[in-house]
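In: predicted model follows, preceded by the sequence.
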Amino acid sequence: MISLSLLLLPIFSPCFFPFFTASQRPTSFYIIQITSFANSTWTRYRGSGWLDDLQIHGWNSDTGTAIFLKPWSKGNFSDAEITDLVELFRVYDFSFIREILLSSPKSQILDPFEIQGIAGCELHSGGAILSFLRGALGGQDFVSFRNSSCVPAPEGGSRAQLVCTLLRPYGDIFQIVEKLLYETCPRYLLGVLEAGKADLQRQVKPKAWLSSGSSPGPGRLLLVCHVSGFYPKPMWVMWMRGEQEQQDTQRGDFLPNADGTWYLQATLDVAAGEAAGLACRVKHSSLGGQDLILYWGEKGLGPRWEIRGDGSQE
């Protein structure tokens, strides 16, 4: 009965939605959930709330309470509204999914199993706000919520169809879901963007340095460009030869720093004799249009760097 676990507090990978830029990309608020059912008496629930790839809410499954990770995580909602929402999620977590998912002999969901889902809304540059709710069973698309009803995913097969059939009598639940998706979420998203404006719009310049990594093989050199301490997350980094981008550049994953900034590295595998003349180029919104250029020194002299734009070097 995965859809029921999605009705109020669902999950999906945060990287599913692109980071917001006012010019072209949406910004999203979504709630993530994973519920694991080991047997008919034991469940484990994990939930969190995200603004794009920034986590702003957690969930204490032991006490059934929300954790607000930012001073502005409540947006412009009153304490009374927040209390009502948290209680709604708590009742759902502790009562509803157990009653429906575990007590129905018709569910035909294998035991143990894990359900995942995502629900939220996204603001587009033109001002339109679109809401979404999708669910998965064991990582595979299962059901979604559309036009006030449960829609089975083709991948879900007969079990997904059965779940949607079992959900049809719960019209009151769908009304709650519809209100949360199309009224509560858009109002909250706009409110939290306003409340967190100073934090969300801050700019922190990156620090960058070069090093060599473990040799990829005889006569080869692995050049590593480290970029750290930047915010917001969108970052462009590329190894260059003059103005020519080196398409073999490999970028790692964005890694969070303890202070909320980010770290990223880009590597390039080259013949040892071809490293001279290469440079790592960094673009970030905090640099005011000036690219950070780090040059790999000739004949083993190591890297040097400069900021292109005002002509200064170090």
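Out: Perfect, thanks for sending it. Numbering: from 1, shown residues only.

In: list the beta-bridge partners for Gly47.
Out: Counting by DSSP bridges, Gly47 is bridged to Gln33.

In: and stretch 33-47, what's buried?
Out: Gln33, Ile34, Thr35, Phe37, Thr43, Tyr45, Gly47 (16 or more other CB atoms under 10 Å). Placement of C-beta: from N, CA and C, glycine included.

In: could you dump it to PDB, C-alpha only?
Out: Output of stretch 33-47 as PDB, limited to C-alpha atoms (Å, rounded to 0.1, in the frame of the first residue of the first chain):
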ATOM      1  CA  GLN A  33      10.100   9.600   3.500                       C
ATOM      2  CA  ILE A  34      11.300   6.000   3.700                       C
ATOM      3  CA  THR A  35       9.300   3.500   5.700                       C
ATOM      4  CA  SER A  36      10.700   0.100   6.200                       C
ATOM      5  CA  PHE A  37       8.500  -2.800   7.300                       C
ATOM      6  CA  ALA A  38      10.400  -5.700   8.800                       C
ATOM      7  CA  ASN A  39       7.300  -7.600   9.800                       C
ATOM      8  CA  SER A  40       3.700  -7.000  10.900                       C
ATOM      9  CA  THR A  41       4.800  -5.500  14.200                       C
ATOM     10  CA  TRP A  42       8.000  -3.500  13.400                       C
ATOM     11  CA  THR A  43       8.400  -0.500  11.200                       C
ATOM     12  CA  ARG A  44      11.100   2.100  10.800                       C
ATOM     13  CA  TYR A  45      10.200   5.600   9.600                       C
ATOM     14  CA  ARG A  46      12.600   8.300   8.200                       C
ATOM     15  CA  GLY A  47      11.400  11.700   7.000                       C
END
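
In: mean confidence score for that stretch?
Out: Stretch 33-47 shows a mean pLDDT of 76.

In: over to stretch 223-232?
Out: The model assigns stretch 223-232 a mean pLDDT of 95.

In: can you check stretch 164-171 too?
Out: Taken as a whole, stretch 164-171 has an average pLDDT of 77.

In: re the thing from before, most widely separated two among the buried residues of stretch 33-47?
Out: Within the buried residues of stretch 33-47, Phe37 and Gly47 form the most distant pair, 15.3 Å apart (CB to CB).

In: Ala279: which element?
Out: Counting by DSSP states H and E, the element that carries Ala279 is strand 278-283.

In: in its sheet, what does the next helix or strand after that strand sit against?
Out: Next helix or strand after strand 278-283 toward the C-terminus (DSSP H and E): strand 292-296. If you go by DSSP bridges, strand 292-296 pairs up with strand 278-283 (antiparallel), strand 303-307 (antiparallel).

In: thank you, goodbye.
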